[in-house]
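In: here is a sequence together with a model predicted from it:
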Amino acid sequence: MSTPYAMSWEEPRTLRADGFDHDHEVLVALPPSYHVSPERRYPVVWSMDGAMAFSVTSGVANLYTVGRRIPEIIVVGVGHRSEHGMLGMAQRTFDFFPPGSVWSDPGLGSGYMERMGFHFEMSRPFLKGDLFLDFLVDQLRPTLASQYRMADDHTLWGHSAGGGFAGYAMLARPGAFGRFIIGSGTNGLTIDLEAEYAKDHDDLEARVFIGMADGEINHAPLCAQRLVSRTALLAENLRLRGYPSLDLRIRFYADRDHFTVIPPLVGDGLQHVYADLVAGLEKPNW
């Protein structure tokens, strides 16, 4: 049987995470050769924001698999159910921000957001980013690994608040994921976690891609959240540590905004974090 060139999508399912009072939607895309190579196991990309990011992530992964820019992978999308609308957007805040999070700097940034009607302090009692990370690693991963042929090779990818969560996960549970794609978002808590990590560690074994867009710094609400400056600070600090096992790539995209940066960021991120697995693959001559 010949190998298909398209990924296949499984039926969506829901799962209740420990410590949550609502279900999360779980989406799975399987690589082209999955059903014709029964002995093969595949690296996994965990895509945050569920349905909102799953289709573009799977689409880019499919295209780059055909072009042999990345290896065949399983894509898992996790997030709120799309039919929940703006309620789901509120739930993602609780998912991605752990207790002790810093959303916007006190003073100028937080004052701007409060004038717009966003009061992050009201969210503090409901922040469950630590529990959501435990859910991904300790509950959902073994559940899916019992059903799909997953290799022990995991990438965490998120943008905006999801990017902040990815950076947090890298430092809160080192080794739980080996590859990270962090798009335009860093929790202020993560800056402190990075400094604490550096006190006790002289290495960080990970492949990391961090991307931002110039349009984001021209958008006042995103400036108030220190979206670009804090993400850049995390990237700079990681670069300055000189960790021997950290493969870090940082990119600043011109003429892109908070949404239009996502497709190239996914593509470039996947190529960087999987560069070690495609070194011997011959690219098609077309």
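Out: Received, thanks. Numbering: from 1, shown residues only.

In: neighbours around residue 219, how many?
Out: The number of residues packed near residue 219 is 15, by other C-beta atoms under 10 Å. Every C-beta, even on glycine, is put in place using the N, C-alpha and C of the backbone.

In: list the contacts of residue 24.
Out: 14-17, 50, 78-81, 95, 135 (C-beta atoms under 8 Å, 6 or more residues apart in numbering).

In: tell me which residues in the helix or strand hosting residue 25 are buried?
Out: Using DSSP states H and E, residue 25 sits in strand 23-30. Buried residues in strand 23-30, defined by neighbour count with 16 or more other C-beta atoms under 10 Å: 24-30.

In: output the residues you listed in CSV; the columns should cover distance to residue 158 and pLDDT.
Out: Below are the buried residues of strand 23-30 laid out as CSV (distance: C-beta to C-beta, whole Å; pLDDT from 0 to 100):
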residue, distance to residue 158, pLDDT
24, 14, 93
25, 16, 94
26, 16, 97
27, 15, 97
28, 17, 98
29, 17, 98
30, 21, 98
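
In: closest to residue 265 among these?
Out: The shortest approach to residue 265 among these belongs to residue 29, at 18.3 Å (C-beta to C-beta).

In: state the distance from that closest one to residue 57.
Out: Using C-beta to C-beta, to the nearest Å, we find residue 29 at a distance of 8 Å from residue 57.

In: for residue 194, same thing?
Out: 26 Å.

In: circling back: compare the contacts of residue 24 and tell me which has the most neighbours.
Out: residue 95 (28 neighbours).

In: spell out the secondary structure type for that one.
Out: helix (DSSP: H, G, I helix; E, B strand; the rest coil).

In: residues in contact with it?
Out: 24, 79-80, 128-129, 132, 165.

In: cool, thanks, talk later.
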